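>>> Quick check, what structure comes out for this input:
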Amino acid sequence: MEKQHSVPGYILRLERVIMNPVVGDRDSVLAALQSTINTFREDGPIVQSVMNASYPGMTEDERTATRQHVINQLLDAYNNAVATPSDKTFYMPQIPVVSLFQTAMEEHLGTDITVSQNRGVVDETGVPVPETFGNTDPLWIEAVLAEIGTLLEGKAPFVSHSHLSDFFYSIEDNCTIVLVADWGAGNQSALNVGQQMKNKSPNYAIHLGDIYYACEEAEAKDFLYRFRGIARSRSFALNGNHEMYSGGRGYFNVVLPNLQQSASYFGLFNQNGSSLHWIQRTWITYSPVQATHGCRTSLFGRWTS
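Numbering: from 1, shown residues only. Okay, here's the model as predicted:
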C-alpha cells in the first residue's frame, strides 16, 4: 500500500521555493559580510577583473571610487547589524544593504543545503566556506556588485491610476478577507501561516507588505508563487519597506502586473455602501541615499460603512 504524505498540500507544493536556512542565520550573514568587506579592501585580481567586466569603459579612478562606495555601504551595514541585536529565529533585519546582501547570498548559495554543498559553498555540516565569499570566487563578487548596484539605480517609477475606477474593486456583501503582513518570506514559518490562510478558504487575500529579503525580481516571483492560490477570488499586495530596498522594481514591475492590480493603493466596496481603503507611503519616504538606515513605512487602512 502506498504511503500517504502527511505534509499539507499547500506546504508540499511550495517546498521548492523555501529559503536557504544559512541566509537566515545571523552569524553566517555577518561572517560573509566581514569576509566580503576584506575582499573588496584587498582589491585582488578577481575583484579587478569582475569590476572591469561589470563596468566596461570605467577608468581606474572611477573603479576605485566605486569599490570604495561598495566597501562603505557594506561596512556601514555590518556595523549597524552588529549593533542591532536580533531575537528572531530567522534573521531578517530592517537594514536595506543587509537585505540586499542576503539576496546575493541566496542566489550564490542556492535554495537549500544540498544545493549549497553541491556548489561547494558550504561544508558537509552546512557551514559556509569562507573562501566562497572572498577573493577566489568571481560569481560571488558579481552577485554583490549586482545587488549593491541597485542602490545607484534609484527608485522605480511610481505606478498611478488613470481613472478612479482603476483602483476600486467591487466585492460581495458577504465575504471573507484575510490580511497578512511581513509574510513575503519562504521560510517554514511563512509556509505554515500560508497554510492557515488557505484553510480559511478566503474570498480575498491582502498582503500588507515586506517581501524578503529585498523584493528583487526572483524573490517577487517566488512570493507570487506562494501567494496566488490562497484566495478564491483575487489577491492584493501593498508596498512595504523591504520592497523598496531594491528600489521597488520587483514590486511595481512584477507583483502589480501579475496580480492585475493597477496601483500600490486600492479600495474595496460592496453594494451595502461599505468600503475599505488601503494606502501606503513607503515609495515617498524611501531614499537610496539613506539605504543603510532603512526607511519609514506608513500604512493607512480605513473601513467605512
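
>>> Need the mean per-residue confidence for stretch 201-209.
Per-region confidence: stretch 201-209 scores 93 on mean pLDDT.

>>> Neighbours of M58, how many?
14 (other C-beta atoms under 10 Å). The way it works is simple: take the backbone N, C-alpha and C, and place the C-beta from them, glycine included.

>>> Contacts only, for it.
51-52, 66 (C-beta atoms under 8 Å, 6 or more residues apart in numbering).

>>> Neighbour-wise, which one of these leads?
Neighbour max across the contacts of M58 (other C-beta under 10 Å) = M51, 21 neighbours.

>>> tell me the SS of the residue lying closest to it once chain neighbours are set aside?
Nearest in space to M51, with sequence neighbours left out and distances taken as C-beta to C-beta, 6 or more residues apart in numbering, is R63 at 5.5 Å. Under the three-state scheme (DSSP: H, G, I helix; E, B strand; the rest coil), R63 adopts helix.

>>> Verify the stated contact: R63 with A53.
No. In this structure R63 lies outside contact range of A53 using C-beta atoms under 8 Å: 11.2 Å.

>>> If you count surrounding residues, which of those two has more?
R63 (17 against 12).

>>> who's in contact with the more buried one?
48, 51-52, 55.

>>> Could you do N38 as well?
N38 neighbours (C-beta under 8 Å, 6+ apart): G134.

>>> Would you mind naming the helix or strand containing it?
If you go by DSSP states H and E, N38 is part of helix 26-42.

>>> Between which two of the contacts of R63 is the distance greatest?
For these, the farthest-apart pair by C-beta to C-beta is Q48 and Y55; their separation is 11.2 Å.

>>> end to end, how far does stretch 231-243 reach?
22 Å (C-alpha to C-alpha, to the nearest Å).

>>> Name the residues of that stretch that are buried.
231, 235-243 (16 or more other C-beta atoms under 10 Å).

>>> I'd like the distance between the nearest residue to D43 once chain neighbours are set aside and R41.
With C-beta to C-beta, 6+ apart as the criterion, D43 has its nearest non-adjacent residue at 6.4 Å, and that residue is R67. Separation of R67 from R41 (C-beta to C-beta, to the nearest Å): 9 Å.
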